[in-house]
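Undergrad: Below are the sequence and a predicted model; questions follow.
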Amino acid sequence: MHNNFLIALFVFLISLSQYSCVSNNKSKRIVVASSGKIESLDPARASTLKSLQLLSSLGDTLYELNSEGELIPELASGMPIFSKDKLQIIIKLKENVLFHDGTLFNSNAIKFSFDRFKRIGTMNYILGNKIKSIETPSEYKVIINLNKPSSSVNGLLTSINLTPISPTYYKDYSDKFLNDKFVGTGKYILKRFSNEIQIIDPNLNYWSDKPNNEGISFIGYSNSSSLFGALKSKQIDVLLSNSIDDIQINNLKLLSNNKEIKEGNSPATEISFISLRTNSYPLNNLNVRLAIAKSLNRDFISEKVSYGLRQPSRSLVPPIYKKSKKELWPKYDPLQAKVLLQKEGYCNGNVLDFPLTYRSNVPADKLIALSWQEQIKNILNECINIQLNGVESTTIYKNLNLGIYTAVILDWTGAYSDPEAYLTPLLSCSEIDGENCKKGESVYSGSFWGSNTVEDLFLDSENLNGKERLAKLVEIEKIASESIPYIPIWISSQKAWSQNEISKPIFNGAGIILMSDLKFINE
Amino acid sequence: MISNSLMSRDLNKLLNYSLLKISLIPLMLWIISTLVFILLRVAPGDPVDAILGSGANEASREILRYKLGLNESLLSQYLSYINNILHFNFGESLSTQEPVLDIILKSLPASVELGIFSIFFAILIGFPLGFFGLKNKGKKGDYIARIIGISSYAIPPFWGAILAQLIFSVYLRIFPIGGRFPITYSQPKITGFLVLDSLLNNNLISLRESLYHLALPSITLGFLLSGIFSRSLRINLDKTLKSDYVNAALCRGISTRKIILNHSLPNALLPIITISGLTIASLAGGALLFEVTFSWPGIALRLHEAISQRDYTVVQGIVIITSLLIVSLNLFVDILIAILDPRIEY
């Protein structure tokens, strides 16, 4: 009896292993997994990396950025033309492009999509007060009227949030969100949508090259270990996530080095930094801020926390956008830090208490804080005492502008592909008193730092293009690096991994994986 | 036993007892809903920050706050909230604008289905283990059963879940890593209970797939809960077997098997019904860490997401509905025990 039971159990397990989920995936679709779920496919609402990733497969933008960070026309038929006063941008559109519902893409669709985003878009603040109106002088030509000259609008034109949608299909949704449907012009058509699972099929009427695969199934898992396990056990074809733990990223890198899987990396676009409250004691003292900046050993932290996978950075703007690897913030120099602190009366029995807040729900932040605290204990113990304080991210965001946190670890990815998308949210200020910002973006980033020179340079940069504009933006960054309202820590890239039977994931310049390039290699 | 006890009691008294218990439900729900409302507002952070992150300017924040109705006074928000609850309207999710009731109705069946199967496996594992321990009382078998029983409920559920996932999904590749249904098939949609829906649709493939996805989380959770059942059965059955009426039955020559099944077990099961009620009630609210680990799209996972997004309306809705379920189940258990146990006075 006892033996029979064991035999039955053994047979059951063997039969289950024969019927495993691996063997079940007979479809030619590529299964892509990432963390979390998608709440909405409405471009006016989508804000998570995952939803933007999916939208990028379903929709096109007027322009896109290639991996070199260059603007390439997509739905536009040529590069944008600025009027002499720089208050108008003229864009000619491609013809014979169809929406997924069969209607024709034209200038009205652009106007409808832009106006709708401006009206109801959750992230409509990225437009700021840049765009005044859209004109449609002909079916395939649009004129974007600007409130003031703005060369950063170019970057905005690559934003997937502004992807054209079919005015016919969205007729009843011009003032409200449509979360579970999407009708655009992209390479794929949405076949099925739920918060956890999304299935897309190739768009057979696509105006350009068709996808290399027969469709993609997206699945969301709610935790890092499931994602890791799913790729390792071959239950998924591609893992796309920037939110899995660094230890697992490191393990996946090792697997990739052993040629067991393939790894793709996007250009680094996410910066992590420490925001310093510059308007009150003790960080209202520039020498103290400078000493703290010099006490941060980025290489040590990167190695300890991310196994060296995140690139230490002394810049607030990703190199791909400023087209230079020039780093402006002070280097790690503990001796110089000590000298500066001594000059300000610290050390020799007077220890600077430095409260550092980190987001308790972001594991890497806590590890950064702990590593830095440990490093300071070893080298500047008699000068600085880092007091750690973990607070949940939403609470931090709410309280940043109240000046509650002396120093807080944050990260940022620009809403569009331009250096301005990094500098403005951190450095711009609309009301400045001395070096203190009373009102403006830097208040909401927790630094309360402002500079009239920086504001002038921002204005100047709007009238320039190309290298001249970049030079102005680098100048802004240089001023910031001398005043140290923030301390950059590292810069991260998106990563994706695929099974060996699938082609290597490739990203574009905006950090979006090109799903249509994925294919089964033996095909 | 049921008919005898009912016959000997006043049915009206039972009815009064039940009505008294039922009348307390609205009061309890009002207290719970008010507490949830206050606690969510007292907690730092708000949905605007969760939706917009740190990059949005004050103007966009204010506009969104206005759109979400968060600019109104707390009292006005509370009155409108209570008024809506009275009309069984839980409002819309602040982050998705989806009706909260729809969110609950979509996710609750997943949790209940997982709960039912887990209880089934808990009983399937726990009862034989309890009997086995008692049968081998004081022997090696008893100790083994005790160790399994105690360790099953001593293991932290999240750890048990991760371990099971690692062994059976990642290394042995027997079960799927997570989710409720394969991506490649369309889910049957009638009641939201996939196993039931597959049966109603007469779709064997769908039935196989839903059972296949349900197997690992429910067996693991069932195993972790089995200890409670095995231990309580072992203890209560042992106690009843020492009773005078069992000795009397033995003296009358009734077989041990008959004594256990007809006399001892029904009495030993009374406390187990209470325990089961509490366990089912707690599972009705979702096994939070289980759902997160297995990416199980149940109500606990939704609650977890809603809390992190400060989605007040969803949190309020889920807490009220699960409270209602728990209170109702407790009421059911109370009445059932009152009917079954002649010692209970009402």
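TA: Everything's here; your move. Numbering: from 1, shown residues only, chains lettered A, B, ... in the order given.
Undergrad: Spatially central residue in chain A, please.
TA: residue A:413 (3.8 Å; C-alpha atoms, centre = their mean).
Undergrad: Quick check: nearest residue in space to it, chain neighbours excluded?
TA: residue A:270 (4.6 Å; C-beta to C-beta, 6 or more residues apart in numbering or on different chains). C-beta here means a position set from N, CA and C on the backbone, and glycine is covered the same way.
Undergrad: again, but for residue A:29
TA: Closest to residue A:29 by C-beta to C-beta, 6+ apart is residue A:215, at 4.5 Å.
Undergrad: Please report how far the one you found lies from residue A:339.
TA: For residue A:215, the distance to residue A:339 equals 62 Å [C-beta to C-beta, to the nearest Å].
Undergrad: who has more neighbours, those two?
TA: residue A:215 (17 against 14; other C-beta atoms under 10 Å in any protein chain shown).
Undergrad: which other residues reach stretch B:134-142?
TA: Residues from elsewhere that reach stretch B:134-142 (C-beta atoms under 8 Å, 6 or more residues apart in numbering or on different chains): B:132-133, B:145, B:233-234, B:237-238, B:241.
Undergrad: closest to chain A among those?
TA: residue B:132 (11.7 Å; C-beta to the nearest C-beta).
Undergrad: can I assume that closest one sits in a helix?
TA: Yes - if the criterion is DSSP: H, G, I helix; E, B strand; the rest coil, then residue B:132 is within a helix.
Undergrad: Which residues of the stretch 251-400 of chain A lie near chain B?
TA: Counting by C-beta under 8 Å from any C-beta of the partner chain, the stretch 251-400 of chain A comes close to chain B at A:361, A:391-400.
Undergrad: how near is the residue nearest to residue A:413 to chain B?
TA: 12 Å (C-beta to the nearest C-beta, to the nearest Å).
Undergrad: Tell me, how many residues neighbour that residue?
TA: Neighbour tally, residue A:270, other C-beta under 10 Å: 19.
Undergrad: wait, what's in contact with residue 279?
TA: You didn't pick a chain, so chain A it is. A:403, A:436-437, A:448-449.
Undergrad: My question was about chain B, not that one.
TA: For residue B:279, counting by C-beta under 8 Å, 6+ apart, the contacting residues are B:119, B:122, B:225, B:228.
Undergrad: Would you map the strands across the stretch 151-300 of chain A?
TA: Residue ranges of the strands in the stretch 151-300 of chain A, as given by DSSP state E, counting those that start in this stretch, are A:188-193, A:197-202, A:216-221, A:238-240, A:261-265, A:270-276.
Undergrad: so, in contact with chain B or not, stretch A:51-63?
TA: No - interface with chain B: stretch A:51-63 contributes nothing (C-beta under 8 Å from any C-beta), its closest point being 11.5 Å away.
Undergrad: C-alpha coordinates for that stretch, PDB please?
TA: Extracted in PDB, the C-alpha atoms of stretch A:51-63 (Å, rounded to 0.1, in the frame of the first residue of the first chain):
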ATOM      1  CA  SER A  51       3.600  50.800 -20.900                       C
ATOM      2  CA  LEU A  52       5.900  53.100 -22.900                       C
ATOM      3  CA  GLN A  53       7.700  50.100 -24.200                       C
ATOM      4  CA  LEU A  54       4.500  48.500 -25.400                       C
ATOM      5  CA  LEU A  55       3.200  51.700 -26.900                       C
ATOM      6  CA  SER A  56       6.400  52.100 -28.800                       C
ATOM      7  CA  SER A  57       5.600  48.800 -30.600                       C
ATOM      8  CA  LEU A  58       2.000  49.800 -31.300                       C
ATOM      9  CA  GLY A  59       2.600  53.400 -32.300                       C
ATOM     10  CA  ASP A  60       5.000  55.600 -34.200                       C
ATOM     11  CA  THR A  61       6.400  59.000 -33.400                       C
ATOM     12  CA  LEU A  62       7.100  61.800 -35.700                       C
ATOM     13  CA  TYR A  63      10.800  61.300 -35.100                       C
END
